[in-house]
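Peer 1: Next come a sequence and a model predicted from it.
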Amino acid sequence: MSFLLKSQNSNGWWSTSEQPAVTAMVLTAFNKEASGRYRTSRPSELRQADDFLLGSAKPDGSIHRGTFINYNTSLALIALSMAEQPSFLPVVRAARAYLVRSQIDLGTEGKVDTVFDGGVRKQVPALGYEQHPDGHRGDAMVGEEMSVGDSIRGRGV
């Protein structure tokens, strides 16, 4: 971990500024560190990396610097969610909504009715969804519930 802190760019990113996903992976490692010390007492390097990811957020909810939009958004969403910082919630919700909207929805719109419909019906903890026995999904981060159809259409986010 100390190597990672020392190898960070002065602008808050690791490896390349063009791919926020790389910084997101490093942040995820810090956020999941066993003792939890980096979530409870964030060093300035991690706050700077958080700011880099937050600064990569676009008005449509995606998080990227021009390429690999879903990839960068997905990994940034994981890192920001795992930081458990309430101030990140608007960006987390927007990124989650962006990814839900980008899912493939073949067949009847808003209904998971083909094997090609894009994955939102599965349990996706990194997106904050938990599958409940009654078929609804709850937003683990904010305590909301929404139906599978609502999650596909991006409602309730």
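Peer 2: That came through, no problem. Residues are numbered from 1 along each chain as shown.
Peer 1: Could you count how many residues lie near Ser102?
Peer 2: 16 (other Cβ atoms under 10 Å). C-beta coordinates here come from the backbone N, C-alpha and C atoms, glycine included.
Peer 1: contacting residues around it?
Peer 2: Asn70 (Cβ atoms under 8 Å, 6 or more residues apart in numbering).
Peer 1: and what of Val22?
Peer 2: The contact partners of Val22, by Cβ under 8 Å, 6+ apart, come to Trp13, Trp14, Ser15, Thr16.
Peer 1: out of those residues, which is most surrounded?
Peer 2: Ranked by the number of neighbours (other Cβ under 10 Å), these place Trp13 first, at 23 neighbours.
Peer 1: got the phi/psi numbers for that one?
Peer 2: Per-residue torsions, Trp13: phi -110, psi 160 (degrees, to the nearest 10).
Peer 1: Test my guess that it contacts Pro20.
Peer 2: Yes. With contact defined as Cβ atoms under 8 Å, Trp13 counts as touching Pro20 (7.2 Å).
Peer 1: Give the residues shared as contacts by those two.
Peer 2: Phe52.
Peer 1: burial count for Phe68?
Peer 2: 15.
Peer 1: For it, give its distance to Ala49.
Peer 2: Distance, Phe68 to Ala49, using Cβ to Cβ, to the nearest Å: 18 Å.
Peer 1: do Gly36 as well
Peer 2: When Gly36 is compared with Ala49 (using Cβ to Cβ), they lie 17 Å apart.
Peer 1: quick one: low-confidence parts of this protein?
Peer 2: Within the chain, the ranges that satisfy pLDDT under 70 run 118-157.
Peer 1: quick one: secondary structure of the residue nearest the centre of the chain?
Peer 2: Centre of the chain computed as the mean C-alpha position; nearest residue by Cα atoms, centre = their mean is Leu77, 1.4 Å away. Three-state call for Leu77 (DSSP: H, G, I helix; E, B strand; the rest coil): helix.
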